[in-house]
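1. What follows is a predicted structure for the sequence shown.
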2 protein chains.
Amino acid sequence: MDKREERLHQILQATITVLSKEGAEKLSMRKVAKVAGLSLSNLQYYYKDKDALLIAAVQHYFESCQEELTLELNVLKFESEPSITIYLQKLLDLLLMNGKSNDHLMMFQEIWALSSRNKELQKAVEIYYSNYCVWMMELISSFSKKPEVILSLLVPYAEGYSIVSNVLPLDKEKVIEMLIQIILNLTE
Amino acid sequence: MDKREERLHQILQATITVLSKEGAEKLSMRKVAKVAGLSLSNLQYYYKDKDALLIAAVQHYFESCQEELTLELNVLKFESEPSITIYLQKLLDLLLMNGKSNDHLMMFQEIWALSSRNKELQKAVEIYYSNYCVWMMELISSFSKKPEVILSLLVPYAEGYSIVSNVLPLDKEKVIEMLIQIILNLTE
DNA sequence: ACCTGAACACCGTTCAAGT
DNA sequence: ACCTGAACACCGTTCAAGT
C-alpha cells in the first residue's frame, strides 16, 4: 500500500466513523479532516467536495459489508444442515436484523436518505443490492427450484423488517416460523 | 384558526416543502424563515431550534399521511369486490409503492435517517406505524382469520419493497401474484 | 503531486432589546 | 406574547501560494 492509498483509506475510515456516530447532518469536511489528521485544504485535495467524499465513503462501506456478508453466508452451507427447516431457521435468523446491528441500520438509513438526492449514490446502492441478490440467489438455489420467487420475497422483507419490526404483532420467532411455512409452500 | 395557529401551519408547511425538495441536509432555519415569510429570530420564537422544528414538521407530515391513507383505504371495501383475489390485487397494488410516490419515499427516507439520531422522532415514527397497523389489521380482518400473520408479512414487505424493488428479478405484477398466493395459502 | 492559509457567504444558537 | 438585530463559532467552497 503506497502513501496515497494509505491516506485515502485513513480519510474514508474517518468519514465512516463520523457518519455512523453522528450522522450525515453533523458530518463536516473540517471534522473529517481533524479525525483523519490532515488539514481541510489537504482533505479537499483528495476529495474535492463533501459529495465526492460521501460517495467514496459509502462505496468503501459497501465493500466491507460485502466481505462481512460473504463470511457470514459461507458459514451457512445447506449441505451441512440436517434439514431444510433448520437451515432456513438459521438463514432467516441471520437475515432479520442480526447482520444489521444498530450501527449497521443507522448507516443504511443515512445512505438511503443521501442516495435519494444523489444519482451516484443511488447507483452505488443499486450495485450493492444487486450483488446481494446474486449471493442470495445462489444460496436459495441450493434448496429451491424457484429462487427468483423466494428472493423477491425475502430481500424486501428483510429490509422492511429492519424498519418496522418493533410494531409487528408477531415476535421474531413467530415471523421466522411464518416465513418458513411460506417458503416450504412455495418450494414444494 | 387564530393567528398563532395560522403562523405555525405556515411554518410547518414551509419546512415540509424544503425538506421534500432539498432534504434535511440542506434545510436551514434561515431558509425556512424566508419561505415562511418571517425573520429568523421570530421563527426561533415558535420553534426554539432546528430539532424542535423538524419534530413538529414530521408530526404534521404524518398527520396528513394518515388522512391520505384513510381516504385511499376507505375506497377499497372488501364487500364491494367480486372476489378475494381481485380485492387483494387492488390492495397490494396500492400498498406497493403507489401510495409512496417519489416525493413520499424521499420524505420517509429522510425521516428514517433523522429518527435514528433522535428519540422523539423515533417515537413519532413508531406511533405512525402503529396506527398504520391498526388500519391494516381491520382491513385484513375482513377477509382473513389470521390478520396478525398477514399483517406481519405485508407491512414489512411494503416498506422494504419501496427500497429494493428495482433490483428484484420479478416485476410488480409477478410480485403481487406471489403475495396473493401466499396470502390465500395462509388464510385457508 | 501534495499541502497551506486566508477569504467568502452561509449556518445554528444566544442574547439583549423593542412593541 | 410576538418580533428585531447583532454577535459568536462553525460550515463548504474558492483561490493564490508554497514544496
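-> Nice, I can see it. Residues are numbered from 1 along each chain as shown, chains lettered A, B, ... in the order given.

2. Mind jotting down where the helices sit in chain A?
-> For chain A, helices defined by DSSP state H occupy the ranges A:3-22, A:29-36, A:40-46, A:50-75, A:84-93, A:102-115, A:119-141, A:147-164, A:172-187.

3. Need the winner for burial among those.
-> helix A:147-164 (a mean of 23; mean count of other Cβ atoms under 10 Å in any protein chain shown). C-beta coordinates here come from the backbone N, C-alpha and C atoms, glycine included.

4. List the single closest residue to whichever residue of chain A sits closest to chain B in space, sequence neighbours excluded.
-> At 2.9 Å from chain B, residue A:160 is the closest residue in chain A, using Cβ to the nearest Cβ. Nearest in space to residue A:160, with sequence neighbours left out and distances taken as Cβ to Cβ, 6 or more residues apart in numbering or on different chains, is residue B:160 at 2.9 Å.

5. need the residues of chain A near DNA strand C, please.
-> Residues of chain A lying close to DNA strand C (Cβ under 7 Å from any atom of the strand) are A:3-4, A:7, A:38-42, A:44-46.

6. of those, list those near chain B.
-> For chain B, no contacts are drawn from the residues of chain A next to DNA strand C by Cβ under 8 Å from any Cβ of the partner chain.

7. Export those as TSV, with columns for distance to residue B:116 and pLDDT.
-> Shown next, in TSV, are the residues of chain A next to DNA strand C (distance: Cβ to Cβ, whole Å; pLDDT from 0 to 100):
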residue	distance to residue B:116	pLDDT
A:3	36	85
A:4	34	95
A:7	30	97
A:38	29	98
A:39	31	98
A:40	28	98
A:41	32	98
A:42	31	98
A:44	29	98
A:45	32	98
A:46	28	98
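
8. Among the residues you listed, which pair sits farthest apart?
-> A:3 and A:40 (19.6 Å; Cβ to Cβ).

9. which residue is nearest the centroid of chain A?
-> residue A:65 (5.5 Å; Cα atoms, centre = their mean).

10. Pretty sure that one sits against residue A:125.
-> No. In this structure residue A:65 lies outside contact range of residue A:125 using Cβ atoms under 8 Å: 11.3 Å.

11. Correct me if wrong: residue A:7 contacts residue A:46.
-> Yes. Here residue A:7 reaches residue A:46: they are 6.5 Å apart, a contact under Cβ under 8 Å.

12. quick revisit: if we check DNA strand D, which of the residues of chain A next to DNA strand C are in contact?
-> Applying Cβ under 7 Å from any atom of the strand to the residues of chain A next to DNA strand C, one finds that A:40-41, A:44 fall near DNA strand D.

13. Give me the pLDDT value at residue A:113.
-> Looking at residue A:113, its pLDDT is 96.

14. Over to residue A:100?
-> Value listed for residue A:100 in the pLDDT field: 62.

15. Equivalent analysis for residue A:1, please.
-> Confidence for residue A:1, expressed as pLDDT, is 68.

16. Over to residue A:79?
-> For residue A:79, the model assigns a pLDDT of 74.

17. Skip the chain neighbours and tell me the closest residue to it.
-> In this structure, residue A:79 finds its nearest non-sequential neighbour in residue A:142, 7.5 Å apart by Cβ to Cβ, 6+ apart.

18. low pLDDT regions in chain A?
-> Filtered on pLDDT under 70, chain A yields the residue ranges A:1, A:98-100.

19. Alongside DNA strand D, which residues does it contribute?
-> So chain A meets DNA strand D at A:27-31, A:40-41, A:44, A:48-51 (Cβ under 7 Å from any atom of the strand).

20. Residue B:82: which of those residues is nearest?
-> Nearest member of the residues of chain A next to DNA strand D to residue B:82, counting by Cβ to Cβ, is residue A:51, at 52.1 Å.

21. quick one, what contacts that closest one?
-> A:118, A:120 (Cβ atoms under 8 Å, 6 or more residues apart in numbering or on different chains).

22. and what of residue A:62?
-> Residues near residue A:62 by Cβ under 8 Å, 6+ apart: A:124, A:127-128.

23. give me that answer again for 6 Å
-> Contact analysis of residue A:62 by Cβ atoms under 6 Å, 6 or more residues apart in numbering or on different chains lists residue A:128.

24. got it, and the one 3 residues further on?
-> The neighbourhood of residue A:65, defined by Cβ under 6 Å, 6+ apart, contains no residues.

25. Ok, the one 3 residues further on next?
-> Contact criterion Cβ under 6 Å, 6+ apart gives no residues in contact with residue A:68.

26. so how far is residue A:124 from it?
-> 17 Å (Cβ to Cβ, to the nearest Å).

27. With residue A:60 instead?
-> Taking Cβ to Cβ, one finds residue A:60 at 10 Å from residue A:124.

28. what do you get for residue A:97?
-> Distance from residue A:97 to residue A:124, by Cβ to Cβ: 23 Å.

29. Which residue of chain A lies farthest from its centroid?
-> Outermost in chain A, Cα atoms, centre = their mean: residue A:41 at 31.6 Å.

30. give me every residue that touches the nearest residue to residue A:136 once chain neighbours are set aside.
-> Among residues not flanking residue A:136 along the chain, residue A:151 sits closest, at 5.4 Å (Cβ to Cβ, 6+ apart). Shown in contact with residue A:151 (Cβ under 6 Å, 6+ apart): A:136-137, A:140.

31. mind running it again at 8 Å?
-> Neighbours of residue A:151 in contact, by Cβ under 8 Å, 6+ apart: A:133, A:136-137, A:140, B:168-169.

32. Then residue A:186?
-> Residues in contact with residue A:186, defined by Cβ under 8 Å, 6+ apart, are A:144, A:146, A:149-150, A:153, B:178, B:181-182.
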